[in-house]
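Undergrad: turn this into a model:
(one chain, ligands or ions: 1)
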Amino acid sequence: MKAFEKNIRKVEPYVPGEQPQRKVIKLNTNENPYPPAPGVSKALQGMDVDRFRLYPDPTAGDLVHTLAEYYGVDDSQVFVGVGSDDVLAMCFLTFFNSDKPILFPDITYSFYKVWAELYRIPYECPAVDESFHIVKEDYYKENGGIIFPNPNAPTSIYENLDFIEDILKHNQDVIVIVDEAYIDFAGKSAIELIDKYDNLIVVQTFSKARSMAGMRIGYAISNPTLIKYLNDAKYSFNSYTMNMTSLVCGVEAVKDKAYFEETVEKIKDTREWTKKELTKLGFTYPDSQSNFIFATHEKYAAQDLFEALREADIYVRFLGGERIKNYLRISIGTMEEMEQLIAFLTEYMKKHE
Ligand SMILES: *Cc1c(COP(=O)(O)O)cnc(C)c1O
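TA: Numbering: from 1, shown residues only. As a prediction, this is how the structure comes out:
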């Protein structure tokens, strides 16, 4: 081993879902099957390419303002970044600096562990219960901060705002981050609690419900004090994070509320149809309030199903890991895609009785 090796920051990186570059039925990374709002395409066509010579607006002012109006908060309460992964990483860097461990569930978004390791933040992972629900009492002990998604991923379970408030009430001395990547498919957002709890940060993304994973846009909503701390950290690091194209497209996506609501409703309808069909085939799953279903089958190993589906160009996610090794995470696609998934599974089970 070279002497310099001992001073290298070594990390075990996050493993993203596969992105095959040919056309498959892609139900493995919780993307939206519908295109972004029509205004996005128009705005792109109208873009003045000459402006690419210039740096983009470091404050992302237009996008921040559009989001602030949409959520009925002040511009000073919105922080934007390159996907919510960027926003979350910046939150870890800024707010999780205690010697006490931060807390997040054992079954959750696997990036949390990666950032904690990267930044050398101590962490503990209280186990979700048998039915994959977060046990809120586990978060009442001393800690250096709390983060969890709501709905949780990959379990798909949504907890209501009373649950969130219980956690907040027991944790007034640390920052609590609620990662709402899937909130638009579920119930009420914790954004309505930000005036009541000055330690709450809510993070959302354009990648799921807004059909723009490729544009990389995420944001945090909180009080002006915490947003300022985030901006200070960001400007100490890289001030031009958001590119011009994403800024323009982001604004257009937020403006078209009707289109947004229509596609979210379609996905929720397709989700409910898929749940019923999966039940008929003998699958069980937590009651999803997300754009994916976390399903298991008593008779068929998840990994076998994953591989057979993949052979047939139907990509779902098999995450592995001790407690969830017999589960598949299946994103909700179009109705036609879900019909093909169900048709394949029906045939497969006939052949492998
Ligand atoms: C998808 C996802 C994100 C990250 O999304 P971005 O594409 O980086 O905005 C964050 N948290 C959870 C729980 C997710 O599932």
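
Undergrad: get me the contact residues on the stretch 51-200 of the chain for the ligand.
TA: Within the stretch 51-200 of the chain, the positions lying close to the ligand (Cβ under 6 Å from any ligand atom) are G83, S84, D85, Y109, P149, A153, D179, A181. C-beta here means a position set from N, CA and C on the backbone, and glycine is covered the same way.

Undergrad: show me the contacts for the first one.
TA: Contacts for G83 (Cβ atoms under 8 Å, 6 or more residues apart in numbering) come out as T205, S207, A213, R216, I217, G218.

Undergrad: returning to that earlier point: and of the residues of the stretch 51-200 of the chain next to the ligand, the nearest to P33?
TA: A181 (16.5 Å; Cβ to Cβ).

Undergrad: for that closest one, which non-adjacent residue is closest in space?
TA: T205 (5.1 Å; Cβ to Cβ, 6 or more residues apart in numbering).

Undergrad: contacting residues for that neighbour?
TA: Here T205 is in contact with G83, S84, A181, I217, G218, Y219 (Cβ under 8 Å, 6+ apart).

Undergrad: what do you get if the cut-off is 6 Å, keeping everything else the same?
TA: S84, A181, G218 (Cβ atoms under 6 Å, 6 or more residues apart in numbering).

Undergrad: the first one against R216, yeah?
TA: In other words, S84. No. Shown here, S84 and R216 do not form a contact pair, counting by Cβ atoms under 6 Å, at 9.3 Å.

Undergrad: which strands and helices sit next to whichever helix or strand T270 is part of?
TA: Using DSSP states H and E, T270 sits within helix 257-280. In terms of contacts (3 or more Cβ pairs under 6 Å, 6 or more residues apart in numbering; DSSP states H and E), helix 257-280 is packed against helix 335-351.

Undergrad: for the helix it packs on, packing partners?
TA: Partner elements for helix 335-351 (3+ Cβ pairs under 6 Å, 6+ apart): helix 257-280.

Undergrad: how far away is D86 from P101?
TA: 24 Å (Cβ to Cβ, to the nearest Å).

Undergrad: could you do I25 as well?
TA: The separation that I25 has from P101, given Cβ to Cβ, amounts to 41 Å.

Undergrad: before we move on, back to that, among the contacts of T205, which are in strands?
TA: G218 (DSSP state E).

Undergrad: out of the contacts of T205, which is most surrounded?
TA: The most crowded member of the contacts of T205, judged by other Cβ atoms under 10 Å, is S84 (27 neighbours).

Undergrad: which residues does the closest residue to that one other than its chain neighbours bridge with?
TA: Nearest residue to S84, sequence neighbours excluded (Cβ to Cβ, 6+ apart): G218, at 3.0 Å. Assessed by DSSP bridges, G218 has beta-bridge partners G81, T205.

Undergrad: next helix or strand past the helix or strand hosting F163?
TA: Following DSSP H and E, one finds F163 within helix 161-169. Where DSSP H and E defines the elements, the next helix or strand beyond helix 161-169 is strand 176-179.

Undergrad: contacts for that next one next, please.
TA: By Cβ under 6 Å, 6+ apart, strand 176-179 touches C91, I146, I147, P149, N150, L168, A190, N199, L200, I201, V202, V203.

Undergrad: among these, which are located in helices?
TA: C91, L168 (DSSP state H).

Undergrad: make CSV out of the contacts of strand 176-179 and add neighbour count, pLDDT and distance to S239.
TA: Below are the contacts of strand 176-179 laid out as CSV (neighbours: other Cβ atoms under 10 Å; pLDDT from 0 to 100; distance: Cβ to Cβ, whole Å):
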residue, neighbour count, pLDDT, distance to S239
C91, 27, 98, 18
I146, 20, 98, 29
I147, 26, 98, 25
P149, 27, 98, 28
N150, 27, 98, 31
L168, 20, 98, 32
A190, 24, 98, 29
N199, 19, 98, 26
L200, 24, 98, 26
I201, 26, 98, 21
V202, 23, 98, 24
V203, 26, 98, 20
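
Undergrad: great, nothing more from me.
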